[in-house]
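A.B. asks: Would you be able to build a 3D model of this:
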Amino acid sequence: MTEMKFRDLSHLGTLDDFLDEDGIREEVTLRAIKSVIALQLRQAMKDRNLTLSAMAAEMDTSRAQLNRVLDPDAANVTLETLSRAAKVVGRGLKVELV
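C.D. replies: Just a heads-up that it's a prediction; the model follows:
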């Protein structure tokens, strides 16, 4: 069996350093947060056996708007809409400044 050799890459810095250097840290972070929220909402819908139509009706919105909420790449979703979606699946939405 061949022994693996690892190079010292500590001089490259962290992922945050890389993202800051490229000026995309905030954008990447926001996209990651939206992806996680969309995934959590989809899972909660599945756990509650909610269809897209039923979820949209309970949110008093269209299926097209709900699809934007559930689309990890759709960034133009209001906090109010996310909060309504969370409420329908029995969850809450927490937003904080760090």
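
A.B. asks: which is the next helix or strand following the longest helix along the chain?
C.D. replies: Longest among the helix segments of the chain by residue count, using DSSP state H, is helix 25-47. Using DSSP states H and E, the helix or strand that follows helix 25-47 in sequence is helix 52-59.

A.B. asks: Can you mark which positions in the longest helix of the chain are buried?
C.D. replies: Within helix 25-47, the residues that qualify as buried are 34, 37-38, 41-42, 44-45, counting by 16 or more other Cβ atoms under 10 Å. In short, each C-beta sits where N, CA and C put it, glycine included.

A.B. asks: Need the CA coordinates for that helix. CSV is fine.
C.D. replies: Taking C-alpha atoms only, helix 25-47 is exported to CSV below (Å, rounded to 0.1, in the frame of the first residue of the first chain):
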residue,chain,number,x,y,z
ARG,A,25,-18.4,36.2,1.3
GLU,A,26,-21.8,37.9,2.0
GLU,A,27,-23.4,36.6,-1.2
VAL,A,28,-22.2,33.0,-0.6
THR,A,29,-23.3,33.2,3.1
LEU,A,30,-26.8,34.4,2.1
ARG,A,31,-27.2,31.8,-0.6
ALA,A,32,-26.2,29.1,1.9
ILE,A,33,-28.7,30.3,4.5
LYS,A,34,-31.5,30.4,1.8
SER,A,35,-30.6,26.9,0.7
VAL,A,36,-30.8,25.6,4.3
ILE,A,37,-34.1,27.3,4.9
ALA,A,38,-35.5,25.9,1.6
LEU,A,39,-34.3,22.4,2.6
GLN,A,40,-35.8,22.6,6.1
LEU,A,41,-39.1,23.8,4.7
ARG,A,42,-39.2,21.0,2.1
GLN,A,43,-38.5,18.4,4.9
ALA,A,44,-41.1,19.9,7.2
MET,A,45,-43.7,19.8,4.3
LYS,A,46,-42.8,16.1,3.7
ASP,A,47,-43.1,15.3,7.4
